[in-house]
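A.B. asks: turn this into a model:
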Amino acid sequence: MTVFGVHAGLQNTTMADLVAVWRHAEQLGFGWVSVWDHFYAADGSGRAECFEGIAAHAALACETSTVTCGCLVYSVGYRHPAVLANAIVTIDHLSGGRAALGLGAGWHQVEYDAYGIPFPSAGVRLDQLDEAAQCCRGLLHGETTTFEGRYFQLREARCEPRPVQEKLPIWIGGGGEKKTLRVVAKWADGWNVPFVSPDEFSRKRQVLLRHCDDVGRDPSEIKCAVNVALAWKEEDLEEQFDGLAQFFRDAALTGTDKEARDKVGRYLEAGADQVNIALRAPWRPDALERAAAAIGVTTTGRV
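C.D. replies: Now for the predicted structure:
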């Protein structure tokens, strides 16, 4: 069963407007709403107007009633996995069992540099992601966790109270084929890749399947999701994504309603279990309503 979601960026907006976006998505029938984890705007502008992720995630849980509440994705570079696991359990209780945890290696170096947070090589960041995923999996899915890694260590660690959900899902974001997708195959309940074309999504999913085979994981245990942009007009893409608009064009729902519907259909045919419409201010409620109708979102967020 396909899930449709909305991924709302936290930059250049007000909290009142964000809450309105979350509630609107829920009213339209989307089954998932997520925030992100940045301190600076996630574009090439260098602007710092951006709400913090954990607080926004908690607000999302409190301001909605039916959608799964996610974050795509928390950076393990500035989120210790034990602290993060405890935060997500709290959010799960706030939401009545609707929380999902997303983890990633981090990429937006400008915010690390601004705050004096180390930004090591991609290889190190991905090793940190591997360790953090193991720590979170133990803390959220087990009673106690002992872990001895290079970057993180746990000693009979507990995360209590336990989540409301019997198994709070852990999503891992990214499309790196050698290490990221292998981490997904080993530890994730869901995989999210942003802004790739349907053909590229299909290719990367096949890489994930090979990693699953290598590590002995049943691929049906891993939900696969893609984030797509929404830009009925070319200027909408430029307004939302600033100097990075070109990067998002191949994954944008644009053109006619049929073209948008057909593009989503290609992702589904390629194996996507979930398609998230990624939005950034300026918010356009009418554009989201049009997209929901075009791709067949129902009152359950599923087709």
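A.B. asks: show me the helices in the stretch 1-150 of the chain, by range?
C.D. replies: Applying DSSP state H, counting those that start in this stretch to the stretch 1-150 of the chain gives helices spanning 15-28, 53-63, 81-95, 109-115, 122-141.
A.B. asks: show residues contacting the fourth one.
C.D. replies: Read that as helix 109-115. 38-40, 46, 48, 77-78, 106, 117-119 (Cβ atoms under 8 Å, 6 or more residues apart in numbering). Every residue, glycine included, has its C-beta placed from N, CA and C.
A.B. asks: reformat the residues you listed as CSV; add neighbour count.
C.D. replies: Converted to CSV, those look like this (neighbours: other Cβ atoms under 10 Å):
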residue, neighbour count
38, 22
39, 21
40, 20
46, 11
48, 13
77, 22
78, 16
106, 26
117, 14
118, 10
119, 17
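A.B. asks: among those residues, show me the least confident.
C.D. replies: Lowest pLDDT within those is found at residue 46 (84).
A.B. asks: shaky segments in this protein?
C.D. replies: By pLDDT under 70, the low-scoring segments of the chain are 243, 299-303.
A.B. asks: now do 90
C.D. replies: 1, 42-46, 233-249, 298-303 (pLDDT under 90).
A.B. asks: residues contacting the residue most central in space within it?
C.D. replies: Geometric centre of the chain, nearest residue: residue 72, 2.2 Å, by Cα atoms, centre = their mean. Shown in contact with residue 72 (Cβ under 8 Å, 6+ apart): 7, 34-36, 102, 104, 171, 173, 192, 194, 227, 276.
A.B. asks: ok, now how distant is it from residue 61?
C.D. replies: Residue 72 is 15 Å from residue 61, where distance means Cβ to Cβ, to the nearest Å.
A.B. asks: and what of residue 152?
C.D. replies: Distance, residue 152 to residue 61, using Cβ to Cβ: 26 Å.
A.B. asks: more crowded one of these two?
C.D. replies: Shown here are residue 152 and residue 61; by other Cβ atoms under 10 Å, residue 61 has more neighbours (22 against 17).
A.B. asks: can you tell me the closest non-neighbouring residue to the more buried one?
C.D. replies: Ranked by Cβ to Cβ, 6 or more residues apart in numbering and with sequence neighbours excluded, the top spatial neighbour of residue 61 is residue 95, at 3.6 Å.
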